[in-house]
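A.B. asks: Sequence and predicted model, in that order:
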Amino acid sequence: MTLSFGQNGVFFMKKALLRCKTCGAEYGADRAPFRCACGEPLDLAWNGFGIEANERCQSRRYAAFYPFAAGEWRSLGEGGTPLVKLETLAKELGLAEVAVKNESANPTWSFKDRGTASCIAHARALGYTKVGTVSSGNMAASVAAYAAAADMEAFVLVKGNVADEKLAPIAIYGPHLLRVAGPYYELYGESLRLGAERGIYFMNSDVPFRVAGSRTIAYEIAEERGFRVPDWVIVPTSAGGNLRGIVNGFEDLRRAGLTEKLPRFICAQAANISPIAAAFAAGAARIRRFPDNETIAHAIDNPFPPSGNRVLAELRRLGGAVLTASEGEIVRAQADLARCGLFGQPASCVPLAVLRRARADGIVAEGESAALVMTGSGLKYTAAFAAHRLEWRDCDLASLPAYLK
Ligand SMILES: *Cc1c(COP(=O)(O)O)cnc(C)c1O
Ligand SMILES: [Zn+2]
């Protein structure tokens, strides 16, 4: 898969590769290899020329950072989400800046749309007419929506015990929606195997072009701040694909000479399901399966994340941290953000909970800046309302004046 671009009347060709950051193996991007032979995930990389600072391509802002022709994209308007500065909170925490990247402003209300758009472009470039995913939440809705927009058939596989009311917001887009009984953790590998056999492009949690889609979160944070990166970027982490993509995005910018340094990264997990935090604290190179506990941050409840080993390696390489939040801290963070006008689902509020910890532990120092990735909308998980003490009152019209004082 090559992309040609012009510069001063000279045309260059560059070749997209999928590279394993763990063992160094490289694969062509013109097939759909979803994982390295060593078992670890793959990242989009370029052979020869990297991303050049002055590359811009047609209408889609960051299209030049991807190996697709303009006609292969089927955008629903993903990305370009607001970076909202929270001054009161910054003051309270003794920080120069706390900014929230509000990913609930995406077409299906989570960051997943960025990766879905890039996977759809890849699938179309390779001639696929069928796509699929394994998810029961944000990714399922995102893939179903983008498949509908691209006029592709979609196969969405969800866990056997998912409640009916969680299926309706996926079914509305018209995919083949299959509730699959049996061990959920086997569904990831089995879907990729069956997809290869049946010609279905399975865009699961951390496949290469889903991860590549998250790079634009980094581009936008940097661009919004005049290409000065924040000291810290905090990402709620389940499979690990989003964090990997954001790290890669900041590395792209530095390689292109657009920024001078990388931010430091904090992987934020719910304490109840924190396999990456456990391995990080133990100094282990590989994650181990965590007990299947419950957490209100259900969107990050993966007990055995497929990119867990890679996230560990990236954080160690770049001097990052992994921090966890208790259920109570997550609920408090959700309330705090809502009081700033931002209503995120519990998982997407874990970065704020973790920032408080990081300040208390002295990991994030006074006067530094932090960007929190608020990954998805609060309306995606209305069950969380029960965790808050929410109040309202009844009155009649005649007594209304007495209440408006
Ligand atoms: C998917 C998701 C995450 C976790 O992203 P990973 O790439 O799996 O680490 C976090 N928050 C929300 C709201 C999500 O939908
Ligand atoms: Zn490898």
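C.D. replies: That came in fine, so what should we check first? Ligands and ions are numbered 1, 2, ... in the order given.
A.B. asks: give me phi/psi at E368?
C.D. replies: phi -80, psi 180 (degrees, to the nearest 10).
A.B. asks: I misspoke; the intended subject was S110.
C.D. replies: phi -150, psi 160.
A.B. asks: That one contacts S104, doesn't it?
C.D. replies: Yes. S110 is in contact with S104 according to C-beta atoms under 8 Å; the separation is 6.9 Å. To be clear about C-beta, it is placed using only N, CA and C from the backbone, and glycine gets the same treatment.
A.B. asks: shared neighbours of these two, which are they?
C.D. replies: Here S110 and S104 have S348, G376, S377 as joint contacts, going by C-beta atoms under 8 Å, 6 or more residues apart in numbering.
A.B. asks: Let me see the contact set for the last one.
C.D. replies: Going by C-beta under 8 Å, 6+ apart, S377 touches S104, W109, S110, F343, G344, Q345.
A.B. asks: what comes up buried for stretch 22-39?
C.D. replies: T22, Y27, A29, A32, P33, F34, R35, C36 (16 or more other C-beta atoms under 10 Å).
A.B. asks: mind checking the SS state of the closest residue in space to H122 that isn't next to it in sequence?
C.D. replies: If the residues on either side of it in the chain are set aside, H122 comes closest to F209, at 4.4 Å by C-beta to C-beta, 6 or more residues apart in numbering. Secondary structure assignment for F209 (DSSP: H, G, I helix; E, B strand; the rest coil): helix.
A.B. asks: pretty sure F209 contacts A117?
C.D. replies: No. Using C-beta under 8 Å, F209 makes no contact with A117, being 9.3 Å away.
A.B. asks: thinking again about what came up before, between the contacts of S377, which is nearest G308?
C.D. replies: Minimum separation from G308 among the contacts of S377 (C-beta to C-beta) is found for S110, which lies at 20.7 Å.
A.B. asks: what about the closest one, how many neighbours?
C.D. replies: Residues lying near S110 (other C-beta atoms under 10 Å) number 28.
A.B. asks: which helices and strands does the helix or strand that contains E165 pack with?
C.D. replies: Taking DSSP states H and E as the definition, one finds E165 inside helix 164-171. Packing partners of helix 164-171 (3 or more C-beta pairs under 8 Å, 6 or more residues apart in numbering; DSSP states H and E): helix 138-149, strand 153-159, strand 176-180.
A.B. asks: and with 6 Å instead?
C.D. replies: Applying 3 or more C-beta pairs under 6 Å, 6 or more residues apart in numbering; DSSP states H and E, one finds that helix 164-171 makes contact with helix 138-149.
A.B. asks: Give me the helices and strands touching the helix it packs on, please.
C.D. replies: Helix 138-149 sits against helix 112-125, strand 130-134, strand 153-159, helix 164-171, with contacts defined as 3+ C-beta pairs under 6 Å, 6+ apart.
A.B. asks: Now with 10 Å, please.
C.D. replies: Where contact means 3 or more C-beta pairs under 10 Å, 6 or more residues apart in numbering; DSSP states H and E, helix 138-149 is packed against helix 112-125, strand 130-134, strand 153-159, helix 164-171, strand 176-180, strand 200-202, helix 208-213.
A.B. asks: And those: which comes nearest ligand 1?
C.D. replies: When the helices and strands packed on helix 138-149 are compared by C-beta to the nearest ligand atom, helix 112-125 sits nearest ligand 1, at 5.6 Å.
A.B. asks: Report the angle between that closest one and strand 130-134.
C.D. replies: With axes from the mean of the first three to the mean of the last three C-alpha atoms, to 10 degrees as the basis, helix 112-125 and strand 130-134 are set at 150 degrees to each other.
A.B. asks: ok, now which ones touch the residue in the stretch 1-150 of the chain that ligand 1 sits nearest to?
C.D. replies: For the stretch 1-150 of the chain, the residue closest to ligand 1 is N138, as judged by C-beta to the nearest ligand atom, at 3.5 Å. By C-beta atoms under 10 Å, 6 or more residues apart in numbering, the contact list for N138 reads 103, 106, 108-113, 116, 169-170, 299, 345, 347-348, 375-377, 380-381.
A.B. asks: Pull out the buried residues from those residues.
C.D. replies: 103, 106, 108-113, 116, 169-170, 299, 345, 347-348, 375-377, 380-381.
A.B. asks: Next one: R215 relative to ligand 1, how far apart?
C.D. replies: Distance of R215 to ligand 1, computed by C-beta to the nearest ligand atom, to the nearest Å: 13 Å.
A.B. asks: Ignoring the adjacent residues along the chain, who's closest to that residue?
C.D. replies: G249 (3.3 Å).
A.B. asks: what would the shared contacts of S110 and S104 look like in CSV with pLDDT and secondary structure?
C.D. replies: What follows is the shared contacts of S110 and S104, written out as CSV (pLDDT from 0 to 100; DSSP: H, G, I helix; E, B strand; the rest coil):
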residue, pLDDT, secondary structure
S348, 98, helix
G376, 98, strand
S377, 97, strand
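A.B. asks: now the strands: where do they sit in this protein?
C.D. replies: For the chain, the strands defined by DSSP state E occupy 2-7, 10-19, 26-28, 43-47, 83-85, 97-102, 130-134, 153-159, 176-180, 200-202, 232-236, 264-270, 321-325, 369-374.
A.B. asks: For this structure, which residues are neighbours of ligand 1?
C.D. replies: In this structure, the chain approaches ligand 1 at residues 110, 112, 137-138, 205, 236-243, 299-300, 345, 347-348, 375-376, judged by C-beta under 6 Å from any ligand atom.
A.B. asks: near ligand 2, which residues of this protein show up?
C.D. replies: Within the chain, the positions near ligand 2 by C-beta under 5 Å from the ion are C20, T22, C23, A25, C36, C38, E40.
A.B. asks: could you give the mean pLDDT of stretch 313-320?
C.D. replies: If you average the pLDDT over stretch 313-320, you get 97.
A.B. asks: how about the CA coordinates for that stretch, as CSV?
C.D. replies: Taking Å, rounded to 0.1, in the frame of the first residue of the first chain, the C-alpha atoms of stretch 313-320 are listed here in CSV:
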residue,chain,number,x,y,z
ALA,A,313,6.7,-1.9,27.4
GLU,A,314,5.7,1.6,26.1
LEU,A,315,5.2,3.1,29.6
ARG,A,316,8.5,1.7,30.8
ARG,A,317,10.3,3.0,27.7
LEU,A,318,8.8,6.5,28.0
GLY,A,319,8.8,6.9,31.8
GLY,A,320,5.0,6.7,32.2
